[in-house]
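[1] 3D, please:
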Amino acid sequence: QRMAIVKAALAAQQAKQQFEVGQLDAAITTINAAIARYGKNGDYHLLRGRILLEQHRLDAAFQSLESAIEHIPHLAEPYYFLGVLHQRWGEDSKALEAYELAMKNDPHHPQYLLATAESHVALHQLDDAIQLLMEAKQEFQHHPSVSSLLGQIYLSKGEPEVATIWFEDSRMLGSNSVEALTSLTAT
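    Take a look at the predicted model:
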C-alpha cells in the first residue's frame with residue numbers, strides 16, 4: 001500500500017510537470033496511472049480535471065472535478081475550475097454557485113472574488129457585483145483588477161463619471177491594462 005502511494009505521488013508530480021509544459025496527452029496518461037495506484041488523493045483528481053479542461057474534454061473534466069470535491073470539499077480550486085467549466089457550457093448561474101463556493105473556501109484569493117463578480121455581471125446582476133467588490137475592497141485594496149472591474153461595471157450602468165474614478169484607481173495601482181486605459185479614454 002505504501003509503495004503504491006509513493007509511486008502514485010511520483011507519477012502525479014511528473015503529470016504536473018508535463019501539464020505545466022503543455023504535454024497534455026502525456027500528462028493525462030501519467031495522472032491516470034497515479035489515480036489507478038491511489039485514487040483517494042483529491043489533488044490527483046483535480047489535476048486530471050484541469051488537464052481534461054485544457055483538452056476541452058468537458059464531461060470527463062466535470063467528473064474529475066466532482067471527484068476532487070468529494071475527496072477535498074474544503075479546497076477552493078476544484079470549485080473554481082468547476083465554475084470555469086460551467087461558463088464554457090454557458091451555465092452562468094451554476095458557474096456563479098461554484099465560484100461562490102471557491103470564494104467561501106478561500107476568501108483571500110482575488111481570482112475567486114473576480115470570477116464571482118464577473119458571473120454576477122454575466123447574469124446582469126450589476127448591483128450584486130458592485131456590492132461584492134465593495135465589501136471585499138478593503139482586503140483587495142491594492143489589486144488593480146478589482147478597481148478595473150468596478151470601472152467596467154459602472155460604465156455598463158451608464159455612469160461614466162464613477163467609472164472614471166475606478167479606472168483611474170486601477171491605473172494608479174499599476175494596471176497597464178489596455179482595456180482599462182481605452183475605457184478610461186472613452187469616458
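[2] Just to check, Leu149 is in contact with Ser119?
    No. Look at Leu149 against Ser119 with C-beta atoms under 8 Å: they stay out of range, at 11.7 Å. (Each C-beta comes from the backbone N, C-alpha and C, glycine too.)
[3] Check the spacing between the nearest residue to Ala12 once chain neighbours are set aside and Gln18 real quick.
    Nearest in space to Ala12, with sequence neighbours left out and distances taken as C-beta to C-beta, 6 or more residues apart in numbering, is Ala34 at 4.3 Å. Using C-beta to C-beta, to the nearest Å, Ala34 is found at 12 Å from Gln18.
[4] Between these two, which is the more surrounded one?
    Neighbours were counted for Ala34 and for Gln18 using other C-beta atoms under 10 Å; Ala34 has more, 27 against 19.
[5] list the contacts for that one?
    Listed by C-beta atoms under 8 Å, 6 or more residues apart in numbering, the contact set of Ala34 reads 7-9, 11-12, 15, 41, 44.
[6] go with 10 Å
    Neighbour list for Ala34: 4-5, 7-16, 41, 43-45, 47-48 [criterion: C-beta atoms under 10 Å, 6 or more residues apart in numbering].
[7] Nearest residue to the middle of this protein?
    Centrality entry for the chain: nearest residue to the mean C-alpha point is Tyr80, 4.3 Å, by C-alpha atoms, centre = their mean.
[8] Please identify the helix or strand for the closest residue to that one other than its chain neighbours.
    Take Tyr80 and drop its neighbours on the chain: the residue closest to it by C-beta to C-beta, 6+ apart is Ala102, 4.1 Å away. Under the criterion of DSSP states H and E, Ala102 resides in helix 92-105.
[9] What is the helix or strand that that helix is followed by packed up against?
    Counting by DSSP H and E, the element after helix 92-105 in chain order, helix or strand, is helix 110-122. In terms of contacts (3 or more C-beta pairs under 10 Å, 6 or more residues apart in numbering; DSSP states H and E), helix 110-122 is packed against helix 77-88, helix 92-105, helix 126-136, helix 144-156.
[10] Now find how far off-centre helix 110-122 is within its chain.
    Here the centre of helix 110-122 is set off from its chain's centre by 9 Å, with C-alpha atoms, centre = their mean, to the nearest Å.
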